Each structure stands twice: as C-alpha cells, then as structure tokens.
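Peer 1: structure, please.
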Amino acid sequence: MAIFALSAVGTVYGVDEIRIAMGSCADEKKRQPIWEAVVATQPDAFVFLGDNVYADTEDMEKMRKSYEMLGEKPGYQTLLETCPVYAIWDDHDYGVNDGGAEYPMREGAEAEFHRFFKTPADAASRSRPGIYDVDYIKSAGGRVLQLIRLDTRYFRGPLVKLSERTRLGPYDRNRDESATILGAAQWAWLAEVLEEPADARVIATSIQFLPQEHRWELWENFPHERQRMLNLLKRKATGPVFFISGDRHMGEIMKLKVDDPTSPGFPIYEITSSGLTNAGGGTVGEPNRHRVSPTNFQSRNFGLMTIDLDSRHVLLELRDVEGRVVDSYEVDLNAAD
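Peer 2: Numbering: from 1, shown residues only. Below you'll find the model as predicted:
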C-alpha cells in the first residue's frame with residue numbers, strides 16, 4: 001500500500017505497485033453500497049470520472065446540496081479516509097445534460113467543484129477557466145506516473161444532432177474543424193505537460209475516447225479533435241497511454257492497436273467505468289471495433305488499474321458492486337505492440 005497525502009502537483013507515494021480505482025455516475029439521491037467494495041481493494045488513489053453528482057441545475061445552492069449529499073454518504077467518507085480522491089466532471093455535475101460552453105453557470109459550477117473536492121488554493125486549476133490539471137505519483141524506485149485530468153465540458157463546442165435518432169444514439173459528427181472539445185488554452189497546456197518525463201501516463205476524460213461506432217457523447221462527435229489527440233501523442237512520442245473514462249452507464253476495456261490507421265505508432269488503451277449507481281446504458285454488445293472485453297458490462301461497476309512501474313505491467317479490471325472481477329485485461333508495456 002502507498003503512503004499517501006492529498007496535495008497539489010508533486011504528491012509522492014512510497015510504492016512500487018500503484019492501485020488506482022475509478023468510477024463515475026453516482027446519483028447522490030440513491031444508496032451507494034459500492035464504496036465498500038472500492039475501499040476493500042485498498043486503492044492508492046480514486047479518480048472520479050464525472051457525473052459525480054446529478055445536479056442538472058443553474059441554481060448553485062441546489063448544486064451545493066447535491067455535493068453535500070454525496071459527502072454525507074458513509075461509504076464515501078470511508079473512501080476519503082482510505083486514499084486521495086481526484087476528480088473531473090461530466091455533464092450532470094457540470095450542470096446540464098450533454099452541455100458544453102453554452103452553459104451559462106459554468107463559472108459557478110467550477111467554484112462548487114473546487115469547493116467540494118477541496119482543490120488546493122495554489123493549484124493551477126484555481127487560477128484559470130476549466131477544471132483540468134495534472135498530478136504525479138512517484139514509486140519508491142523513482143519512476144513516475146502522470147495523471148492528466150481533462151475538462152471536456154467548459155470549452156466544448158456544439159453537438160450536431162442526427163436528423164433521426166438511432167438505437168446507437170442521437171448525435172452526428174461535427175466536422176467543423178473550428179469546433180473543439182478542449183479549447184485552445186487546454187490544448188496548449190496539454191502539449192506542455194506531455195513534454196514532462198513520465199514512465200506511465202493516464203489521461204482521465206469524462207467521455208469515451210477510443211470508440212467510433214456509437215452515437216452518444218464521445219470524442220468521435222468531433223473526429224478532428226480525436227485525431228488531434230492521437231497526433232499530439234505521436235508528436236510527443238509518449239509511448240502507450242491509458243485513457244480512463246465514464247459517462248456511459250456501462251463498463252468496457254479497449255485497445256487501439258498499432259496497425260489501426262489512426263494509431264500514433266504505439267498502442268492506446270482505455271477503460272470505461274460507469275456507473276457507481278446508474279448502469280444499463282447503451283445497448284448490450286453495441287459495436288465497438290476497439291473493445292477487448294467480451295462485451296460491455298451493464299451492471300454497477302468500478303474500475304481498478306494495478307500499475308507496476310518497475311516491471312512495466314498493468315492490470316485493468318472492472319469489478320461489480322460486490323467487488324468481484326467481471327472483466328480484466330493485462331498489458332505488458334515492454335512489448336512492442
């Protein structure tokens with residue numbers, strides 16, 4: 001287990017093996033028994049991947065009460081006693097379903113986010129629009145894991161609706177190359193942090209990054225932005241990267257193979273974990289050319305990454321509300337592909 005402390009950039013953990021738990025879609029009005037299973041894994045960190053509450057409001061008092069309801073959950077209180085909690089937001093804790101830059105209360109929502117998650121006063125995300133930030137976990141052997149937390153809401157351009165909704169979702173692709181997910185400032189920041197040395201990189205994004213078939217919210221809604229990310233990873237020669245995502249009310253594990261035409265020349269992995277309370281989203285077995293899971297898991301779940309920075313092995317797991325492993329995938333970072 002890690003020796004941990006909740007702090008800004010530069011947190012040091014005295015461990016060789018790092019266990020990062022994650023999850024999303026936690027309705028504060030519902031019972032949340034899954035926290036017991038999360039805590040039982042003895043994580044060194046937990047990453048909230050968005051829809052951490054379901055506020056859906058322009059009333060910041062209501063949003064604060066939603067966060068307070070989460071904070072009062074006994075299981076969540078136990079989690080806070082167990083490990084640091086890092087967070088990004090998605091639409092329902094941002095304040096509006098499928099919302100982006102058009103949401104009029106985004107500044108107020110950001111203030112409530114920082115208040116609840118106790119973002120340090122000197123954190124960079126306190127001094128600029130948007131909640132994006134970066135943290136570092138350092139092993140006893142001196143190797144470094146970089147945790148990048150993206151904001152896919154504050155700057156996001158308009159979604160394009162299909163003329164007729166399909167079983168795979170309501171949205172078409174926005175091919176306007178001036179439309180954005182991250183916004184110019186966040187893209188510039190990301191290019192800088194990817195210059196920093198790290199032995200492993202984890203990128204938290206509230207919406208799915210790799211999938212290309214479904215028509216709900218995902219990076220492929222803005223295909224030029226998805227490819228921009230892959231091009232940036234290639235240009236920075238990051239090597240294999242792990243995306244962690246939520247939103248979909250189901251779980252699955254994915255891999256972008258080296259021989260994929262969009263590949264940066266090394267594999268990209270993704271684990272989607274959703275939801276802690278709200279599950280059963282999408283369609284069972286919906287098409288996803290990048291899925292390495294047997295199917296998309298439809299019940300309540302959380303994710304767990306066990307990362308050995310010394311041997312460069314990573315175990316990706318989805319676990320159910322009882323803590324049972326329902327899907328897993330092992331990655332050898334020493335392998336070429």
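Peer 1: CA atoms only: put stretch 47-59 into PDB for me.
Peer 2: Only the C-alpha atoms of stretch 47-59 are listed here, as PDB (Å, rounded to 0.1, in the frame of the first residue of the first chain):
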ATOM      1  CA  VAL A  47     -10.400   9.100  -9.700                       C
ATOM      2  CA  PHE A  48     -14.000  10.400 -10.100                       C
ATOM      3  CA  LEU A  49     -14.700  10.400 -13.800                       C
ATOM      4  CA  GLY A  50     -17.700  12.700 -13.900                       C
ATOM      5  CA  ASP A  51     -21.400  12.700 -13.100                       C
ATOM      6  CA  ASN A  52     -20.100  12.600  -9.500                       C
ATOM      7  CA  VAL A  53     -23.500  14.000  -8.600                       C
ATOM      8  CA  TYR A  54     -26.600  14.600 -10.600                       C
ATOM      9  CA  ALA A  55     -27.300  18.300 -10.100                       C
ATOM     10  CA  ASP A  56     -28.500  19.400 -13.500                       C
ATOM     11  CA  THR A  57     -29.200  22.900 -12.400                       C
ATOM     12  CA  GLU A  58     -28.300  26.500 -12.800                       C
ATOM     13  CA  ASP A  59     -29.000  27.000  -9.100                       C
END
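Peer 1: that stretch: which residues count as buried?
Peer 2: For stretch 47-59, a neighbour-count test (16 or more other CB atoms under 10 Å) marks 47, 48, 49, 50, 51, 52, 53, 54, 55, 56, 57 as buried. The way it works is simple: take the backbone N, C-alpha and C, and place the C-beta from them, glycine included.
Peer 1: now the stretch 101-250 of the chain, which segments are flagged as low pLDDT?
Peer 2: The stretch 101-250 of the chain contains residues with pLDDT under 70 at 140.
Peer 1: residue 142: neighbour count?
Peer 2: Per other CB atoms under 10 Å, the neighbour tally for residue 142 reads 9.
Peer 1: return the distance of it relative to residue 307.
Peer 2: Per CB to CB, to the nearest Å, residue 142 is found 15 Å from residue 307.
Peer 1: what's the answer for residue 139, then?
Peer 2: With distances taken as CB to CB, residue 139 is found 9 Å from residue 307.
Peer 1: what touches both of those two?
Peer 2: Listed as contacting both residue 139 and residue 307 by CB atoms under 8 Å, 6 or more residues apart in numbering are 18, 145.
Peer 1: who's more crowded, these two?
Peer 2: Counted by other CB under 10 Å, residue 139 and residue 307 do not tie: residue 307 has more neighbours, with 27 against 22.
Peer 1: three-state assignment of the more buried one?
Peer 2: Three-state call for residue 307 (DSSP: H, G, I helix; E, B strand; the rest coil): strand.
Peer 1: ok, now which ones touch it?
Peer 2: Counting by CB under 8 Å, 6+ apart, residue 307 has contacts 17, 18, 19, 20, 145, 200, 314.
Peer 1: wait, which of the residues you listed is closest to residue 225?
Peer 2: residue 200 (23.8 Å; CB to CB).
Peer 1: was I right about the closest one contacting residue 313?
Peer 2: No - using CB atoms under 8 Å, residue 200 is not in contact with residue 313; the gap is 10.6 Å.
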